[in-house]
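Student: take a look and give me a structure for this.
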Amino acid sequence: MSEHQPIRVLILATSGYEESELFVPRQVLSEAGMSVKLASPSKQPINGVIYNASDGKHNESQNFISPDLTLDEVNSSDYDILVVPGGLSNPDKLRMEPRAVVRYDGMIHDFGLLNGLAE
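Tutor: Below is the predicted model:
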């Protein structure tokens, strides 16, 4: 009998992500036994923003996270799930980054379906 391989999750992010949209899914997916990797344009630590509902502003987070790999090291066929955290600038920065677009498009092609959970 073969053992089950953990579900492989790739999070694409760069500085400017909504902090809760990276850290919460990362923790939940890891606790569920999934293998979670964070990719960014470089391996430099990145940080996000925190939304303050009382004043409607986004404040820069002091929590930094180091990516596991660069976009150049990503092979879309190595992953089962793609997570792209929202935020003020993360999605915009990534859509302007050709290496991220290639990975994103490749994963959509491989998966055949993309389901966005947050808007």
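Student: how about stretch 17-27: buried residues?
Tutor: 17-23, 25-26 (16 or more other CB atoms under 10 Å). C-beta: built from backbone N, CA, C; applies to glycine.
Student: dump those to a markdown table, plus distance to G33, secondary structure and pLDDT.
Tutor: Formatted as a markdown table, the buried residues of stretch 17-27 follow (distance: CB to CB, whole Å; DSSP: H, G, I helix; E, B strand; the rest coil; pLDDT from 0 to 100):
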| residue | distance to G33 | secondary structure | pLDDT |
| --- | --- | --- | --- |
| Y17 | 24 | strand | 91 |
| E18 | 25 | strand | 91 |
| E19 | 24 | helix | 92 |
| S20 | 22 | helix | 91 |
| E21 | 21 | helix | 91 |
| L22 | 19 | helix | 93 |
| F23 | 18 | helix | 94 |
| P25 | 14 | helix | 92 |
| R26 | 13 | helix | 95 |
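Student: can I get those residues in CSV including distance to D78?
Tutor: Shown next, in CSV, are those (distance: CB to CB, whole Å):
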residue, distance to D78
Y17, 22
E18, 26
E19, 26
S20, 26
E21, 23
L22, 20
F23, 23
P25, 19
R26, 17
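Student: from the residues you listed, pick the one nearest Q5.
Tutor: Minimum distance to Q5 across the buried residues of stretch 17-27 is 19.2 Å, recorded for R26 (CB to CB).
Student: who touches that closest one in this structure?
Tutor: Residues near R26 by CB atoms under 8 Å, 6 or more residues apart in numbering: 11, 36, 38, 83.
Student: cutoff 7 Å now
Tutor: 11, 36 (CB atoms under 7 Å, 6 or more residues apart in numbering).
Student: what's the spacing between it and S76?
Tutor: As judged by CB to CB, to the nearest Å, R26 and S76 stand 19 Å apart.
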